[in-house]
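Asker: could you work out the structure for the sequence below:
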Amino acid sequence: MNFLSDTTAPAHPRLIEALAAANTGYAPSYGADEISARVEARLKDIFECDLKVVFAVSGTASNALALSVLCPPHGAILCHDEAHIHRDERGAPEFYTGGAKLIPLLGDHARISLESLDNALEQIPEGFVHTSPVRVLSLSNLSESGTAYRPADVADRAARLTDRPAVVHMDGARFSNALVSLGCTPAELTWKSGVDALCFGATKNGALGAEAVILFPSVMDRFETLQAHQKRGGHMAPKIRFMAAQFEAWLDDDLWLQLARTANERATALAAGLSALDGVTVLHPVDGNEVFARIPEPIANRMRAAGAGFYQWPDGSARFVTSWCTTPEEVAALTLSAAS
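Answerer: Next comes the predicted model:
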C-alpha cells in the first residue's frame, strides 16, 4: 500500500518495451533522431497548434529550463506560495534564470487567487526601477494541493498580464491528471487559455523518466535559446531518443490519458473511503490523483502498522498519491486498516 508518491510507481511495461525497441542500431544524437521528430509531430496534433519541444529527465529540469527563456535575470516570476518551483526545487529557477525573483502569492487549495494576483500586480508597477518587473506568471496544474485550474481560471489569470510584456508558464507535472479530471482538450487548457509554455510531465504517470518543455507559437522564437540553455545547463542528453521513445509509447493510443484516468479514479475512491471515517477530514477538492486529509494519530498509526506508506505534509496533514498501477484492493485495504 504505497501512497507516498506517483514517482515511487514503476514505469508502464509499454514504455519499457519502447525503450528496448529504440535500443537497436544507431541514431543521430541530441534530439536529431526520427523518434523525437515523430513525437513533436504527435504533440502538434494533440495540442492542435505548431510548437517546439525539448526533452528533460526531471520536472525540476524542465521548469528551470523553461523559466530560463521566459524570464530575464532582472525579472520576477509570480507563483503560488506552495508551488514546486518555490518550495521544492532548491533555487533551480533562480539558478537557471541567472537571478530572477520568485514572488509567492496566496490562494485557497494552492491556486493563485485573483485578489492576490491583482494585489501583486498593483504593487509592482511596470517600469518602476526599484522592483523586479513581472515577466512570468507560473501556474501549477495540478496544484500542489491536487487541485486543478479550469480553462476559464487560467484565462482569467492570463488576462491580468495583457498590458505587460509577460508570459504564462504552466508546471504540468500532473497535467494528464488535471486534463482527464476537467474533461477539456489539451489546447483548451493551455495556449487557448493564454499559456505560452508548458512543462509536460510523463514521469509521474508511467514513464521511467521523461519530461517535455513545450513552447507554443507565442514564444517559439525562444527555441534556439532554450536549446542553448539545455546544452549549457547539462540537460541535453546525447541519447535523447530514449526519452522520446517513452513519450511515443505513452502518447500512443492515448495511453497517457488512460493511466491518468485510472490514478484519478483510485484517488476519488480513496477520498470517499477516508471521508467515511470518524474524525477524518479531506482538506482539498480531489481533482486528480492526490488526497490530502487531516487524520487522527491513532488512525494514522493503524494505517502505518498495516503497511501503508503516505507522506506527512508540512501542515500536519497526510498526503496520499495514487498512480496508474494503484489497485482497488489497495485502496480498500487502506480504508479497512484505518477502520479496524
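Asker: can we go C-alpha only for contacts and neighbour counts from here?
Answerer: Will do.
Asker: please confirm that L102 is located within a strand.
Answerer: Yes - assessed by DSSP: H, G, I helix; E, B strand; the rest coil, L102 belongs to a strand.
Asker: wouldn't it be in contact with A76 here?
Answerer: Yes - counting by C-alpha atoms under 8 Å, A76 is a contact partner of L102 at 5.8 Å.
Asker: correct me, but P285 touches G146?
Answerer: Yes - using C-alpha under 8 Å, P285 makes contact with G146 at a distance of 7.5 Å.
Asker: identify the contacts common to the two.
Answerer: Counting by C-alpha atoms under 8 Å, 6 or more residues apart in numbering, the common neighbours of P285 and G146 are H109.
Asker: neighbour count winner among those two?
Answerer: More neighbours surround G146 than the other of P285 and G146, with 25 against 16 (other C-alpha atoms under 10 Å).
Asker: for the closest residue to the more buried one other than its chain neighbours, the count of nearby residues, please.
Answerer: Nearest in space to G146, with sequence neighbours left out and distances taken as C-alpha to C-alpha, 6 or more residues apart in numbering, is E290 at 5.1 Å. E290 has 31 neighbouring residues, counting by other C-alpha under 10 Å.
Asker: quick one, domains of the chain?
Answerer: Following automatic domain parsing, one gets these domains for the chain: 12-253, 255-339.
Asker: got a markdown table for those, with distance to M1 too?
Answerer: Below are those laid out as a markdown table (distance: least, C-alpha to C-alpha, whole Å):
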| stretch | distance to M1 |
| --- | --- |
| domain 12-253 | 17 |
| domain 255-339 | 5 |
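Asker: which of the ones you listed sits closest to N2?
Answerer: domain 255-339 (4.8 Å; C-alpha to C-alpha).
Asker: give me the mean pLDDT for that closest one.
Answerer: Averaging pLDDT along domain 255-339 gives 95.
Asker: residue boundaries of the helices in the stretch 101-250 of the chain?
Answerer: Ranges of helices in the stretch 101-250 of the chain, per DSSP state H, counting those that start in this stretch, are 114-123, 151-159, 175-182, 186-189, 223-232, 241-251.
Asker: would TSV of those helices with mean neighbour count be doable?
Answerer: Below are the helices of the stretch 101-250 of the chain laid out as TSV (neighbours: other C-alpha atoms under 10 Å):
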stretch	mean neighbour count
helix 114-123	14
helix 151-159	18
helix 175-182	24
helix 186-189	20
helix 223-232	17
helix 241-251	25
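Asker: which among those is found nearest to P13?
Answerer: helix 241-251 (9.9 Å).
Asker: helices or strands next to that closest one in the packing?
Answerer: In this structure, helix 241-251 makes packing contacts with helix 13-22, helix 34-47, strand 52-56, judged by 3 or more C-alpha pairs under 8 Å, 6 or more residues apart in numbering; DSSP states H and E.
Asker: redo that, cut-off 10 Å
Answerer: helix 13-22, helix 34-47, strand 52-56, strand 211-215, helix 255-275 (3 or more C-alpha pairs under 10 Å, 6 or more residues apart in numbering; DSSP states H and E).
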